[in-house]
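Engineer: My questions are about this predicted structure, shown below with the sequence.
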Amino acid sequence: MSAFNHSNIPADHVDIRLDLHMTIAQVKDKFRTHIGTHAEHQRLVLKNAGQLVCEMSDDSKMLGFYSVVSGMEIHVIDTDPFSLSRGGGLTDVSLVEKYRMDDEAYEKRSGTMREFIREQRKKDP
């Protein structure tokens, strides 16, 4: 089991089970399903207790070649200049444009909270 994290996403990811006989290319493909970064834009760095052990740069080597053991961390560096996660694009909700509706349009809708409150006040002023 190895923990992994992403250079653009501050949240920790769950530990995932990796086979030491997987190639680095296969590991990158597995990570792609969890973080969305395509394999060609991933740089993998192996860390132990936060300290750099090595960069896992040869996609043809097996994970065991780098002496990965349970508890180590694999840090994914996203090199895609157009990555959606760059600059908080997938984690910072303040960057998302909010939908706004003016009062006039809201009043035309049925089944709204305002309509419910008006009806309740008519029943019990």
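Structural biologist: Great, that's in hand.
Engineer: drop to CA atoms for contacts and neighbour counts, all remaining ones
Structural biologist: Noted.
Engineer: spatially speaking, which residue is in the middle of this structure?
Structural biologist: Nearest to the centroid of the C-alpha atoms of the chain, with distances taken as C-alpha atoms, centre = their mean, sits Ile35, at 4.9 Å.
Engineer: quick one: the residue lying closest to it once chain neighbours are set aside from Cys54, how far?
Structural biologist: Spatial nearest neighbour of Ile35, chain neighbours left out: His6 (7.7 Å); criterion: C-alpha to C-alpha, 6 or more residues apart in numbering. Distance of His6 to Cys54, computed by C-alpha to C-alpha, to the nearest Å: 16 Å.
Engineer: Have a look at the two and say which one is more surrounded.
Structural biologist: Higher neighbour count among His6 and Cys54: His6, with 21 against 13, using other C-alpha atoms under 10 Å.
Engineer: which residues of the chain score low on pLDDT?
Structural biologist: 1-2, 4, 8, 10-14, 89 (pLDDT under 70).
Engineer: What ranges does it have for its helices?
Structural biologist: 24-35, 103-108, 113-123 (DSSP state H).
Engineer: and the longest one, what other elements does it pack with?
Structural biologist: Packing contacts for helix 24-35, counted by 3 or more C-alpha pairs under 8 Å, 6 or more residues apart in numbering; DSSP states H and E, involve no helix or strand.
Engineer: separation between Arg109 and Glu119?
Structural biologist: Arg109 sits at a distance of 14 Å from Glu119 (criterion: C-alpha to C-alpha).
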